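# 3D model of this:
(chains A and B)
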Amino acid sequence: MFDKKGQIRIIEAFLAIAVIFSALIFTTITFPSSPNLAKQKSLASFGMQALIKLDLNGTLGKLIAQENWTDIKQSLDISLPIGVSFNLTIYDENLSPINSQVIQNTNLLGRETVSVQHVCASQSQNIQFFILCLQLAWTR
Amino acid sequence: MPASSIDTFLACSVMIILVLSAMVGASELMTPYISGLSHRNDAERFQQLASHLLLSTGTPPNWGQMREPIPSSLGLAKANSFLPYELDIDKVSRLNSENAFSLTYPELWESLGIHDVAFQIEVRTLFELSIDLISNQTQGNETIYEFEVATRKSGMPVSADLSVYVVVKYFVDNVTSSTSSDGVGSFSVNIPNSLNGATLIVVFAKAKANPQMVSFNVYAFGHNSATPFSNRTFLRLSPLNYVLNVSFTYPTTEILKAQVFTFNYNFSLTEEAQGDQTVEYNVPRLLDSSPMIMALTGLNGSSSFAEWVSYPQLPLQVGSDFSKSIAGAKIVSQIHIVTINFALYEVATKWGGTA
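Reported below is the predicted structural model:
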């Protein structure tokens, strides 16, 4: 019943199916999910706000001058919502890290982090400036 | 009809069906992304709205201190403040439905002036404090009550210093204690057995890590008497503009003592005015980084009572109930740390619109 021309066209049709479906599958697999920039921005804004509020009346500068890393960590634990991981590194004017203990709640390795920076000063007679680098990530 | 024509017709039909099904499939696949693109700025818009609410004073700038007017634009920031995210104690108190001068959600929504969003505002302390009565025993002419206190932030322990006040009728006493690194502590109070009636244990907790992080709680029980009635049974307490407005539920109510407590200080309140079933007390402007708790003791016939209110009037939650949101509604939650009278609090705002 079928001649050769017809058979070729059916083969063409099946080839077209294969092309369309492989394109569809490829698109499904490789379509990039857009990064949630708003969520990251909100996290950065929250981190900055936490640092500013903790530094009211020079509290943060005083704790750094006293090398009281435990209280700084506890302050961040209370300020940041549960579900946010953080790591704080404090640098002096020469950009050398000065916190002898790691100030973090959980490890940030492998997480999409945002970083905020804040500058504060000690309130002693010999004024010292500190640069705080706070890295934050949502715990999944 | 030749066989090749039938084959061509079959092949074309198969191709058309497949192309159409591929188009439908692709369209279904792309819809969420296209929809996401049209709403990609919602979260940022809601963030800006939350910042606007907490950074602007509203109109008039002192609307919190006034009893009646509804602000023409809504903002909770303190007027003439040099600090970002410093909120006005009265604007926050007027959000609490327990306050006689509170604004309803429709009034707040109208004042905000953004008609395509629903919102909810929640103001609370940065960490929680719980109080439990462990034991009581009579020794001589006193009863010793022992309490356990836990200070936690979402279940995580917070080490804190405690300031405790005990209030029974005219009797006021203060003890101090602390919670350890596991967030648990205890204290005991001695109350003379010559007294009896509704008793309040007012506890303030100040985080050891930062003295501006303060929490509070109040425990009520009956000393040599039956369990007292719940708070706000006899009085409606509404602090506003450093005046405590008291309205009586029953005309036979008599106030014995009115006190204000903060972490470091306590004072008797002075009566400013008395009306028909209402009393007003002046509240001192204390420079303590702590909320104020105002406690009033009194009698209603033979029933003794002790009632209290915090200033700012917290915790509070006002606005739309998003737990009943329909599927497809887009809700964005924001948390901000704010200052109210030198102490730090947490404001959680939720914003929603249709997707």
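
# and chain A, what are its domains?
Residue ranges of the domains in chain A are recorded as A:1-31, A:37-138, according to automatic domain parsing.

# And the closest residue to chain B within chain A, how close does it get to A:Ser45?
Distance from chain B to each residue of chain A (CB to the nearest CB) is smallest for A:Gly6, at 2.1 Å. C-betas here are computed from N, CA, C, even on glycine. Here A:Gly6 is placed at a distance of 66 Å from A:Ser45 (CB to CB, to the nearest Å).

# And these two? Which one has more around it.
Neighbour comparison, A:Gly6 and A:Ser45: the larger count goes to A:Gly6, with 20 against 17 (by other CB atoms under 10 Å in any protein chain shown).

# That one and B:Phe9 touch, don't they?
No: with contact defined as CB atoms under 8 Å, A:Gly6 and B:Phe9 do not form a contacting pair (9.2 Å).

# Okay, and the beta partners of B:Glu280?
B:Glu280 forms beta bridges with B:Asn245, B:Ala273, as assigned by DSSP bridges.

# Would you agree it is in contact with B:Thr270?
No: in this structure, B:Glu280 sits apart from B:Thr270 without contact. The criterion is CB under 8 Å, and the distance is 10.0 Å.

# and the biggest helix by length in chain A, what does it pack onto?
The longest helix of chain A (DSSP state H) is helix A:4-30. With contacts taken as 3 or more CB pairs under 8 Å, 6 or more residues apart in numbering or on different chains; DSSP states H and E, helix A:4-30 sits against helix B:3-38.

# After the helix it packs on, which helix or strand is next?
Past helix B:3-38, heading to the C-terminal end, the next element that is a helix or strand (DSSP states H and E) is helix B:42-55.

# Going by neighbour count, list what's buried in that next one.
In terms of neighbour count (16 or more other CB atoms under 10 Å in any protein chain shown), helix B:42-55 has its buried residues at B:Asp42, B:Ala43, B:Arg45, B:Phe46, B:Gln47, B:Leu49, B:Ala50, B:Ser51, B:Leu53, B:Leu54, B:Leu55.

# got the contact list for it?
Under the criterion CB atoms under 8 Å, 6 or more residues apart in numbering or on different chains, residues A:36, A:38-39, A:41-42, A:45, B:74-77, B:84-85, B:87, B:112, B:114, B:117, B:119, B:121, B:330, B:332, B:334, B:336, B:338, B:347, B:349, B:351, B:353 lie in contact with helix B:42-55.

# tell me the pLDDT at B:His39?
With respect to pLDDT, B:His39 scores 59.

# need the contact list for B:Leu240.
With contacts defined as CB under 8 Å, 6+ apart, B:Leu240 is in contact with B:Gly64, B:Gln65, B:Arg67, B:Asp90, B:Ser93, B:Arg94, B:Asn99, B:Phe101.

# List phi and psi for it.
With angles defined as degrees, to the nearest 10, B:Leu240 sits at phi -160, psi 130.

# Give the bridge partners for it, please.
Each beta-bridge partner of B:Leu240 is listed here, defined by DSSP bridges: B:Val243.

# Could you do B:Ile255 as well?
Bridge pairing for B:Ile255 - DSSP bridges - gives B:Gly298.

# Equivalent analysis for B:Lys206, please.
With beta bridges defined as DSSP bridges, B:Lys206 has these partners: B:Asp161, B:Val214.

# My read is that it contacts B:Phe263, right?
Yes: between B:Lys206 and B:Phe263 there is a contact under CB under 8 Å: 5.6 Å.

# list residues touching both of these two?
Contact criterion CB under 8 Å, 6+ apart; residues shared by B:Lys206 and B:Phe263: B:Ser163, B:Val214, B:Ser290.

# Mind picking the one among those residues that's closest to chain A?
In terms of CB to the nearest CB, no member of the shared contacts of B:Lys206 and B:Phe263 lies closer to chain A than B:Val214, at 10.9 Å.

# In contact with that closest one, which residues are there?
Shown here is B:Val214, whose contacts under the criterion CB under 8 Å, 6+ apart are B:Thr125, B:Phe204, B:Ala205, B:Lys206, B:Ala207, B:Phe263, B:Ser289, B:Ser290, B:Pro291, B:Ala343, B:Leu344.

# before we move on, what about B:Thr151?
Listed by CB under 8 Å, 6+ apart, the contact partners of B:Thr151 are B:127-129, B:157-160, B:179, B:183, B:185, B:205, B:207, B:215.

# and the contacts of B:Leu240, which two are the farthest apart?
Within the contacts of B:Leu240, two members stand farthest from each other by CB to CB: B:Gln65 and B:Asn99, at 12.8 Å.

# of the two, who's got more company?
Neighbour totals were compared for B:Gln65 and B:Asn99, and B:Asn99 leads with 23 against 18 (other CB under 10 Å).

# Now the most centrally placed residue in chain B: phi and psi?
Nearest residue to the geometric centre of chain B (CA atoms, centre = their mean): B:Pro315, 2.2 Å. B:Pro315 has phi and psi values of phi -80, psi 160 when expressed as degrees, to the nearest 10.

# Isn't it up against B:Arg124?
Yes: taking CB under 8 Å as the contact criterion, B:Pro315 and B:Arg124 are neighbours in contact, 4.3 Å apart.

# rewinding a little: distance of the residue nearest to the residue of chain A closest to chain B when sequence neighbours are not counted from B:Ala207?
Distance criterion CB to CB, 6 or more residues apart in numbering or on different chains; nearest residue to A:Gly6, sequence neighbours excluded, is B:Asp7 at 2.1 Å. Relative to B:Ala207, B:Asp7 is positioned 82 Å away (CB to CB).

# So which residues on the stretch 251-355 of chain B come close to chain A?
Contact residues (CB under 8 Å from any CB of the partner chain) of the stretch 251-355 of chain B with chain A: B:Gln334, B:Ile335, B:His336, B:Ile337, B:Val338, B:Thr339, B:Leu344.

# In the chain, mark out all the helices, start to finish.
You didn't say which chain, so I picked chain A. For chain A, the helices identified by DSSP H occupy A:4-30, A:37-54, A:59-65, A:69-79, in order along the chain.

# meant chain B actually
Counting by DSSP H, the helices of chain B are B:3-38, B:42-55, B:89-93, B:105-112.
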